[in-house]
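K.L.:
Sequence first, then the predicted structure:
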Amino acid sequence: MPLTLADTLPTEANEREYLWTLNFGPQHPATHTTLRLILTLDGEKMVDCVPHIGYLHSGFEKLGEHLDFNQYVTIVDRMNYISPVANEIAWHHAVEKLIGVELTPRCKYLRTILAELMRLHDHLLNVGTAALDLGAFTAFLYGFQQRENIYDLVEYASGQRFHASYTRVGGVLFDVNDAWVERVRKFVKEMPATLREIDGLLTRNRIFIDRTKGIGVLTKADAISWGATGPLARASGVVRDLRRDEPYLAYPDLDFQVICSEAGDCYARFLCRMREMWESLKILEQAIENIPGGPVNIDANTDAVLPAKPAVYRSIEGLIQHFEVLMPNRGYDVPSEEIYAATESPNGELGFYIVGDGNVRAYRARTRPPSYIHFAMLPHMIRGYQLSDLVAILGSINIIAAELDR
Amino acid sequence: MLDLDSLQERFGNEITESSFRDNRRIVVPSDKVYFVLEQLWREWGFDMLVEMTAADYLEYPGATDRFGVMYVLLNTTTGERVIIKTHLNLPDPELPSVFPLWHSADWLEREIFDMFGIKFEGHPDLRRILMPEEFTAFPLRKDYPLKGRGERHNFPVITRAES
């Protein structure tokens, strides 16, 4: 699409002829995905920046109005593909709140375990790439080794490594067995070694500290005004974590700390993510020791959940039940109401605003993507810093373009 | 806790409240919504605009207005949430921008403009954000078909020689 640079720049900048214009992206290794920035430079100092997004826009919210609550899970998967299952949990959290479904205790714990695995998954990549952009390659590889193990755990549970599409209304696709729980236990034992390695490589690394400390400072007042959530907000001193403040799933039973910092710079965000991974391990340890038995899905006779696959394939009652749930005028009893429900995804508050009209599909399925909200504040955050600090700031706010554009 | 009486006292009885599960929703007429939001921001400590979205009620059973715009507000000190909702109609859906109150409204309002064609008066830079600039329709309106209207086939093609 033809884009005239003159249109996008502030007029007084055009008059100052010594300012440079630099195009960054849409294809650049440090953008990680497809996004474009038009920077105005005064020497090496960034004066202004105009982000252009939408390269990956594929109408997810429109699709949400045409797919039913279980089908749409395959789409939300693809929003934040760094932590896919966290999106599914957030989506079905909102749907279940709309329909009024109370999950079984086993499902709550299982979803909590997956949500925390996804937090590790996301933070490992983010910490790794934040360092990678600044030239430290090793931490990234150490992180990826453990991410591979998490992929294996997700594959073992759902049959899919990446886009698991694992949750269903009122439960999950398959129950997990004891072998899976044992594998998670083993993972939790091995993970601290990796965290210590990354810690040893980066936390007291002179170059890393020089490149991140005091860079991209976001004050508490700005963080609140720009709507920052998650590690980005907590690193700026906003003490808010939905797991603690609006508890959902099994979080009320579990003991963990909310990690905060007051510095608000890239280094503080790095430290917050590192400490949050230790807290996630603490949550995982408690959750796998206390995972209750019993059914993982709610009772299929209440008409709100798909019956188990063996029942569908091997009995006529199961098959009828399956069809009844899927038929447009049967199945879920959806109220004609609207709901906003949010979970603490690794990146921040991932919320869904669903308008129900009594149908099995949402009338409106709006996503509140944390990346979108965070990216809007980028021009504000980078003003006055050096050009080379841009990659440090961009890495520290963890932009996932698929979630940004949806 | 925000109480409805003080709002009604100040802004009249058209302001109504409803709740569903843990969501609390206050419906405000569109000509008063900015003043109500400003009051919430100034006096009730709702310092974060968590989410702002719209919906097109064209095919919604029993709906009387075309668009609804929702503001999800949060008080970061007390953790209190409230949803402010207002209704708009064609031909000229327009609201005052809340960018002066909450900076997060910047891109949220641009997205609503892009998807629904609702204008925000006083917004510093109201352009399309996700769709290309040349796009003329508003894709999340209910009268816009899922498969589009063939825009994809009529995109201007830039050849290598021209670029």
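P.N.:
Nice, I can see it.

K.L.:
Point me to the residue of chain B nearest chain A.
P.N.:
Proximity of chain B to chain A (CB to the nearest CB) peaks at B:S104, 3.1 Å away. All C-beta spots, glycine's among them, are computed from the backbone N, C-alpha and C.

K.L.:
what sits against that residue?
P.N.:
For B:S104, the contact set (CB atoms under 8 Å, 6 or more residues apart in numbering or on different chains) comprises A:S225, A:W226, A:G227, A:I373, A:A376, B:M48, B:L49, B:V50, B:M52.

K.L.:
same check, this time on A:R244
P.N.:
Counted by CB under 8 Å, 6+ apart, A:R244 has contacts A:Y251, A:F256, A:V258.

K.L.:
ditto for B:P29
P.N.:
Applying CB under 8 Å, 6+ apart, the residues contacting B:P29 are B:E14, B:I15, B:T86, B:H87.

K.L.:
can you rerun that using 10 Å?
P.N.:
B:F11, B:G12, B:E14, B:I15, B:V36, B:T86, B:H87 (CB atoms under 10 Å, 6 or more residues apart in numbering or on different chains).

K.L.:
same question, A:L232
P.N.:
A:218, A:223, A:226, A:238, A:264, A:268-269, A:272-273, A:347-348, A:370, A:373-374, A:377, A:381, A:396-398.

K.L.:
I'd assumed B:F113 was in contact with B:F135.
P.N.:
No - using CB atoms under 10 Å, B:F135 is not in contact with B:F113, being 11.9 Å away.

K.L.:
secondary structure class for residue 82?
P.N.:
I went with chain A, as the question did not name one. coil (DSSP: H, G, I helix; E, B strand; the rest coil).

K.L.:
That was the other one, I meant chain B.
P.N.:
strand.

K.L.:
Secondary structure element for A:D152, which one?
P.N.:
helix A:138-158 (DSSP states H and E).

K.L.:
Quick check: buried residues in that helix?
P.N.:
Neighbour-count burial for helix A:138-158 flags A:139-140, A:142-143, A:146-147, A:149-151, A:153-154, A:157-158 (criterion: 16 or more other CB atoms under 10 Å in any protein chain shown).

K.L.:
again with stretch B:10-30
P.N.:
B:F11, B:I15, B:F20, B:N23, B:R24, B:R25, B:I26, B:V27, B:V28, B:S30.

K.L.:
and the two most separated of the residues you listed?
P.N.:
B:F11 and B:F20 (22.6 Å; CB to CB).

K.L.:
Contact partners for A:R240?
P.N.:
A:223-224, A:228-230, A:233-234, A:246, A:258, A:260, A:344, A:348-349, B:48, B:74, B:76-77, B:79.

K.L.:
actually A:G293, not the one I wrote
P.N.:
A:G293 neighbours (CB under 10 Å, 6+ apart): A:P105, A:R106.

K.L.:
pLDDT score assigned to it?
P.N.:
pLDDT recorded at A:G293 is 85.

K.L.:
Is it in a helix, a strand, or coil?
P.N.:
Per three-state DSSP, A:G293 ends up coil.

K.L.:
could you measure A:S388 against chain B, distance?
P.N.:
A:S388 sits at a distance of 26 Å from chain B (criterion: CB to the nearest CB, to the nearest Å).
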